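Peer 1: Coordinates only, no sequence provided:
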C-alpha cells in the first residue's frame, strides 16, 4: 500500500511526537509498504543525523513542504494532500484531525491516530463530522481509555468496528543484545553500583521532584536522569546542586540510537508519573497516555517501578512491574526499598516485562492497523 503520513512534527527534534512519527514510517516501510512522510519546512534532511537522532535503520522518503505561519498550517495541509494525490497514494495517515476531515472532503481514504481528546472549540464538531463521513477511514486510539474518555466527553458511542486500539511500540531488535547493567555502566563510564534510571522529558507531572527526595533517602544508589531540554536540565541541576545531592547525574538529551544502552545501565527503571501529565505539546494526558518509555523499559529487561496510573495497566501488571500509589512519596520509598533489597524480584519482573513486550513492536502495531484498515 502507498501511504502518505502527513504530520506537523518538527524533524529533527527530541519530541516524543517526532520520534513516534518516524518509528511509524519506518515500520510501514519495513512491512513492505511505500510510506512517504510529508512535513512542513524547507531544505534537505541529513539521513545520518536522522539515524542517530531517531535510531532509524530503514530509510523512507521525507518531503518538506513550505508553509506560511500566518495560515496556521492550512496551506501545508492543502499542499500535502495535493502531493499525496499526485503521488497516487492509497491512503493518508495522520495525527491531525483537520487533515483527516479535509482528506475526507477530497475523497481520500484516511487513518486518523489519536493521542488525546480532540481539543478546542472545533474539536467536537470536527470529530463528529469525521465520524459521520461515509468515506473510507479508520480511527486509531492510542489506548482503550482514550476511546472511553472521548465517548464520555462528547456523549457519543463510537462503533467498535470503526476504530482500533494500538498502543505505542518499541524497536524490539535494538534491545536484543544489551549488556548486563555492570557492563553497560562500564561502557558509558558511569559510577558503579546499583543504579536507578529515568529517561524521557522533564515536563510537568513526570515526578522528578519525587526522584530528588528519593535520592536523599538512598545516597548509596546512583540516580541517572537521561533526557530533558537544555533549560530544563540546567534548572534541575541548579536544584540538585543547591540541595548538595551528589548521587543524581543528568546526561541531557541522548539520541534515540544510544538510548537502549543507557536504559540497560539501570537495575531499576523509573516511571514516576503524576495525576496530571504534560507532554511536549502541553495538555494533560494522564488518563489516556501510552508512554514510549514504558515499552522501551520493558524491552530493556530491567525492573520497572511505576506510579499506578490506571491507563498503564492496559500494558503493565503485577507480574511485569512494581506499582506505587500516585504522588505518594512514602509508598514510592517503600516500593523502592523492596526492589533495592531484592535482586530476585528485580530479575523476575524484568524477565516477564521482556516477554510481554514482544507483542508491542512497531511492526506488529502497524501491521494490525493496516490490516484493520484494509478489511472494509
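Peer 2: Perfect, thanks for sending it. Nothing here was measured: the structure is a model prediction, and the numbers come from that model.
Peer 1: Chain neighbours aside, what residue packs nearest to residue 17?
Peer 2: Of all residues not flanking residue 17 in the chain, residue 9 sits nearest, at 5.2 Å (C-beta to C-beta, 6 or more residues apart in numbering). C-beta coordinates here come from the backbone N, C-alpha and C atoms, glycine included.
Peer 1: And the strands in this protein?
Peer 2: 2-6, 34-40, 62-65, 91-94, 110-114, 137-141, 163-165, 195-199, 222-226, 248-252, 268-271, 303-307, 322-324 (DSSP state E).
Peer 1: pLDDT score assigned to the residue nearest in space to the middle of the chain?
Peer 2: When C-alpha atoms, centre = their mean is applied to the chain, the residue found nearest the centroid is residue 292 (3.1 Å). For residue 292, the model assigns a pLDDT of 96.
Peer 1: Adding mean neighbour count, write the strands of the chain out as JSON lines.
Peer 2: Shown next, in JSON lines, are these (neighbours: other C-beta atoms under 10 Å):
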{"stretch": "strand 2-6", "mean neighbour count": "24"}
{"stretch": "strand 34-40", "mean neighbour count": "22"}
{"stretch": "strand 62-65", "mean neighbour count": "17"}
{"stretch": "strand 91-94", "mean neighbour count": "26"}
{"stretch": "strand 110-114", "mean neighbour count": "23"}
{"stretch": "strand 137-141", "mean neighbour count": "22"}
{"stretch": "strand 163-165", "mean neighbour count": "19"}
{"stretch": "strand 195-199", "mean neighbour count": "25"}
{"stretch": "strand 222-226", "mean neighbour count": "23"}
{"stretch": "strand 248-252", "mean neighbour count": "18"}
{"stretch": "strand 268-271", "mean neighbour count": "26"}
{"stretch": "strand 303-307", "mean neighbour count": "25"}
{"stretch": "strand 322-324", "mean neighbour count": "20"}
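Peer 1: Now do the helices in the stretch 251-376 of the chain.
Peer 2: 259-264, 292-300, 329-341, 343-356, 362-375 (DSSP state H, counting those that start in this stretch).
Peer 1: Out of those, which is closest to residue 109?
Peer 2: Among the helices of the stretch 251-376 of the chain, the nearest to residue 109 by C-beta to C-beta is helix 362-375 (7.8 Å).
Peer 1: which secondary structure elements does that closest one contact?
Peer 2: Other helices and strands packing on helix 362-375, by 3 or more C-beta pairs under 8 Å, 6 or more residues apart in numbering; DSSP states H and E, are helix 16-30, strand 137-141, strand 163-165.
Peer 1: quick one on the thing from earlier: could you list which residues are in contact with the residue nearest to the centre of the chain?
Peer 2: Taking C-beta atoms under 8 Å, 6 or more residues apart in numbering, we find residue 292 in contact with 16, 19-20, 168, 170, 200.
Peer 1: one more time with 6 Å
Peer 2: Neighbour list for residue 292: 16, 168 [criterion: C-beta atoms under 6 Å, 6 or more residues apart in numbering].
Peer 1: Equivalent analysis for residue 298, please.
Peer 2: 353, 357.
Peer 1: separation between it and residue 357?
Peer 2: Distance of residue 298 to residue 357, computed by C-beta to C-beta, to the nearest Å: 4 Å.
Peer 1: what does residue 268 give?
Peer 2: Using C-beta to C-beta, residue 268 is found at 17 Å from residue 357.
Peer 1: now do residue 179
Peer 2: Residue 179 is 18 Å from residue 357, by C-beta to C-beta.
Peer 1: Tell me which of those two has more neighbours.
Peer 2: residue 357 (23 against 13; other C-beta atoms under 10 Å).
Peer 1: in this structure, what residue sits furthest out from the centroid?
Peer 2: Distance to centre of the chain, C-alpha atoms, centre = their mean, peaks at residue 244 (32.8 Å).
Peer 1: From residue 198, how far out is it?
Peer 2: 20 Å.
Peer 1: cool, and residue 192?
Peer 2: From residue 192 over to residue 198 (counting by C-beta to C-beta), the distance is 19 Å.
Peer 1: do the same with residue 243
Peer 2: Residue 243 is 17 Å from residue 198, by C-beta to C-beta.
Peer 1: Domain-wise, how is the chain divided?
Peer 2: Recorded structural domains for the chain (assignment: automatic domain parsing) are 2-169+361-375, 172-359.
Peer 1: Tell me the gap between the last one and the middle of its chain.
Peer 2: A distance of 14 Å separates the centroid of the chain from that of domain 172-359, by C-alpha atoms, centre = their mean, to the nearest Å.
Peer 1: First-to-last residue distance for that domain?
Peer 2: Using C-alpha to C-alpha, to the nearest Å, one end of domain 172-359 lies 9 Å from the other.
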